[in-house]
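Peer 1: coordinates only, no sequence provided:
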């Protein structure tokens, strides 16, 4: 039953996040595509916006697919967590906790689910299990956590100062 529970968790979280990434990458399901997503990165003052737009969209899309398929656990979870941490910090935190007001409630739930999969493993119904892939523990968790936090720090550190985005008076 545990393997079935992990499969349901992986499919739910992984496919939702992959879909969110597909909105950014391909403009599917009402998404803005990369042009719109790069514009959003520009408005968030992330530099360089094109590179970070691609990294974040791919982290969601490929990370979500990896979690859904149970492939190379825990790497997909780190992509998801990093993307959600940046979204919380740049967009949702000032709006409070609840999603109804644009808050970070949903993003935090996604991080919790990704962390649960990373720690528990993908389960018996996964590509990792079918292919006999077993990353050595605990190093992927330790290194992945540190790399995710470092990546989030770099992303946040590339923001232009607020005054740099204001129009200059003539």
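Peer 2: Everything's here; your move. These numbers were taken from a predicted model, which means no experiment stands behind them.
Peer 1: what lies in contact with the helix ranked longest in the chain?
Peer 2: When the chain is parsed with DSSP state H, its longest helix is helix 2-26. With C-beta atoms under 8 Å, 6 or more residues apart in numbering as the test, helix 2-26 has contacts from 28-34, 36-37, 53, 56-70, 76, 80, 83, 110, 113-114, 116-117, 120-126. Heads up, the C-betas are built off the backbone N, CA and C, glycines and all.
Peer 1: from residue 30, how far out is residue 104?
Peer 2: 22 Å (C-beta to C-beta, to the nearest Å).
Peer 1: who has more neighbours, the two?
Peer 2: residue 104 (23 against 6; other C-beta atoms under 10 Å).
Peer 1: ok, how many other residues are close to residue 90?
Peer 2: Counted with other C-beta under 10 Å, residue 90 comes out at 18.
Peer 1: just give the closest residue to it, not the sequence neighbours.
Peer 2: Nearest residue to residue 90, sequence neighbours excluded (C-beta to C-beta, 6 or more residues apart in numbering): residue 44, at 5.1 Å.
Peer 1: equivalent analysis for residue 88, please.
Peer 2: residue 104 (4.4 Å).
Peer 1: I'd guessed that neighbour sits against residue 92; true?
Peer 2: Yes - the pair formed by residue 104 and residue 92 meets the contact definition of C-beta atoms under 8 Å, at 3.8 Å.
Peer 1: I'd like the distance between residue 8 and residue 126.
Peer 2: 12 Å.
Peer 1: okay, these two: which has more neighbours?
Peer 2: Between residue 8 and residue 126, residue 126 has the larger neighbour count (other C-beta under 10 Å), namely 22 against 12.
Peer 1: return the distance of that one relative to residue 70.
Peer 2: From residue 126 to residue 70 the distance is 2 Å (C-beta to C-beta).
Peer 1: how about residue 88?
Peer 2: 26 Å.
Peer 1: show me which of those two is the more surrounded one.
Peer 2: Per other C-beta under 10 Å, whichever of residue 88 and residue 70 has more neighbours is residue 70, with 27 against 19.
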